[in-house]
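J.: only geometry, no sequence info:
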């Protein structure tokens, strides 16, 4: 797939040098701490790696990885299934896409980097007839109180249908009900205003990429994960 942008190039990482550069970028983005200086795991061999570079300096400013499964029955081999029980998603009998490790350089401060991510994924979804896109995300640290507003918006507006919710698989999770946190998860006006900008950006980015967003789900089971689905708009 070919994309033109005046400031950025989006390209696959096909050789060991590019993949190592991507892993080093992930290391910085996710605040990893280890001797290698790389964020790497066993799933890197199973995923396709995409790098976004600044054209002028050839510096990495964005990254994501993805893999396609011929049906939902094969998602147990992926990263998300290692952390969540995703049996509810095995019902899909057509191709599904797992996306992960999406990160950008905060110093770049350009929304077009994420728009390029969505543009690439949108074309891939259309080309491969993908029926479902899923993946995990993370919140920095373990202090859930910093993200109450975010959780409130996700729970109030983007909670997925029960038949598709993942089950707890991790030994360490934050259970909102047991900790009496549902009372805190009220989608107040401050929360709505704070995250309205994110929703508008997401919708704008998807339309920029040729997708009309129909569903944006938060599948809550302790630690958050996201499921995104959409209907393709024919140009």
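T.: Perfect, I can see it now. Values in this document were obtained by computation on a predicted structure and should not be read as measured data. Residues are numbered from 1 along each chain as shown.
J.: Can you list the buried residues in stretch 11-28?
T.: For stretch 11-28, the neighbour count (16 or more other CB atoms under 10 Å) marks 11, 13, 18-19, 21-27 as buried. From N, CA and C alone the C-beta is placed, and that goes for glycine too.
J.: got any ranges where the protein has weak pLDDT?
T.: 1-2, 172-235 (pLDDT under 70).
J.: would you list every one of the helices in it?
T.: Along the chain, counting by DSSP state H, helices occupy 16-29, 79-83, 112-128, 148-157, 189-208.
J.: hey, where'd the strands end up in the protein?
T.: Ranges of strands within the chain are 8-12, 48-54, 60-69, 84-85, 96-104, 132-136, 167-168, 211-218, 225-232, based on DSSP state E.
J.: just to revisit the earlier point, what is the nearest of the buried residues of stretch 11-28 to residue 77?
T.: For the buried residues of stretch 11-28, the closest approach to residue 77 (CB to CB) belongs to residue 19, at 19.6 Å.
J.: How about the contacts made by that closest one?
T.: Residue 19 sits next to 13, 44, 49 when contact means CB atoms under 8 Å, 6 or more residues apart in numbering.
J.: Just send those residues back as a markdown table, with distance to residue 64 too.
T.: A markdown table is the format used below for these (distance: CB to CB, whole Å):
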| residue | distance to residue 64 |
| --- | --- |
| 13 | 11 |
| 44 | 13 |
| 49 | 8 |
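J.: one step back: make a markdown table from the strands of the chain and add distance to residue 31 to it.
T.: As requested, the strands of the chain are exported to a markdown table (distance: least, CB to CB, whole Å):
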| stretch | distance to residue 31 |
| --- | --- |
| strand 8-12 | 24 |
| strand 48-54 | 20 |
| strand 60-69 | 15 |
| strand 84-85 | 22 |
| strand 96-104 | 11 |
| strand 132-136 | 16 |
| strand 167-168 | 25 |
| strand 211-218 | 23 |
| strand 225-232 | 19 |
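J.: Nearest to residue 148, out of those?
T.: Minimum separation from residue 148 across the strands of the chain (CB to CB) falls at strand 211-218, 13.7 Å.
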